[in-house]
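Student: What shape does this take:
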Amino acid sequence: MFPLWDTAIAPVIKAIKAKRVVEIGALKGENTVQVLDVLGEDGEIHVIDPLPSFDPAEHAKQFGGRYVFHRALSLDVLGDMPPMDAALIDGDHNWYTVYNECRLLAKVARDAGQSMPVMILHDVLWPYGKRDLYYDPTNVPDEFKQPHAKQGM
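Tutor: As a prediction, the model looks like this:
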């Protein structure tokens with residue numbers, strides 16, 4: 001999502017005056033820093049990534065109580081988190097995971113009597129708009145998996 005920050009993501013977060021955002025899939029953590037800058041001093045970000053390519057402890061130290069890291073699969077923690085104003089969804093790019101991330105985010109908001117968060121999804125066009133990607137196929141129940149193989153595009 002990092003390349004789309006200035007033109008698409010930051011303006012949306014600002015327009016809705018978001019104060020709590022979840023980032024599903026953080027990769028190197030570059031986007032996380034930008035989100036916190038836009039949220040301001042009273043904003044909070046929850047970052048979910050089972051295998052981050054950065055040290056979450058460094059972010060926690062840098063951002064204090066505004067930063068909550070979940071080293072887990074999104075589907076294992078979203079239902080237990082507080083309602084969000086916005087969700088940046090860029091984790092496991094398959095129908096089963098993304099559908100259930102959206103479902104859980106909506107349920108948490110509904111249960112709290114709040115509106116659904118604004119959901120910004122990444123990698124929805126070619127090739128992922130036409131087929132699923134599985135970082136770890138064992139995370140998806142067999143009945144929801146599409147035929148897959150590790151090979152080039």
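Student: ok, residue 120 - how many residues close by?
Tutor: 18 (other C-beta atoms under 10 Å). C-beta here means a position set from N, CA and C on the backbone, and glycine is covered the same way.
Student: nope, residue 141 is what I was after
Tutor: The burial count for residue 141: 8, using other C-beta under 10 Å.
Student: Starting from residue 101, give me the distance back to it.
Tutor: Distance of residue 141 to residue 101, given as C-beta to C-beta, to the nearest Å: 15 Å.
Student: Check residue 30 too.
Tutor: For residue 30, the distance to residue 101 - C-beta to C-beta - is 21 Å.
Student: quick one, which of those two is more surrounded?
Tutor: When residue 30 and residue 101 are compared for neighbours, residue 101 comes out ahead with 23 against 13, by other C-beta under 10 Å.
Student: is it true that the more buried one touches residue 74?
Tutor: Yes - using C-beta atoms under 8 Å, residue 101 is in contact with residue 74, at 5.3 Å.
Student: Now do the shared contacts for those two.
Tutor: 24, 91 (C-beta atoms under 8 Å, 6 or more residues apart in numbering).
Student: Show me where the chain has its helices.
Tutor: Assigned by DSSP state H, the helices in the chain fall at 10-15, 30-39, 56-63, 74-77, 95-111.
Student: Now mean pLDDT and distance to residue 134 too, for those, in JSON lines please.
Tutor: As requested, these are exported to JSON lines (pLDDT from 0 to 100; distance: least, C-beta to C-beta, whole Å):
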{"stretch": "helix 10-15", "mean pLDDT": "96", "distance to residue 134": "28"}
{"stretch": "helix 30-39", "mean pLDDT": "90", "distance to residue 134": "22"}
{"stretch": "helix 56-63", "mean pLDDT": "92", "distance to residue 134": "24"}
{"stretch": "helix 74-77", "mean pLDDT": "97", "distance to residue 134": "13"}
{"stretch": "helix 95-111", "mean pLDDT": "96", "distance to residue 134": "9"}
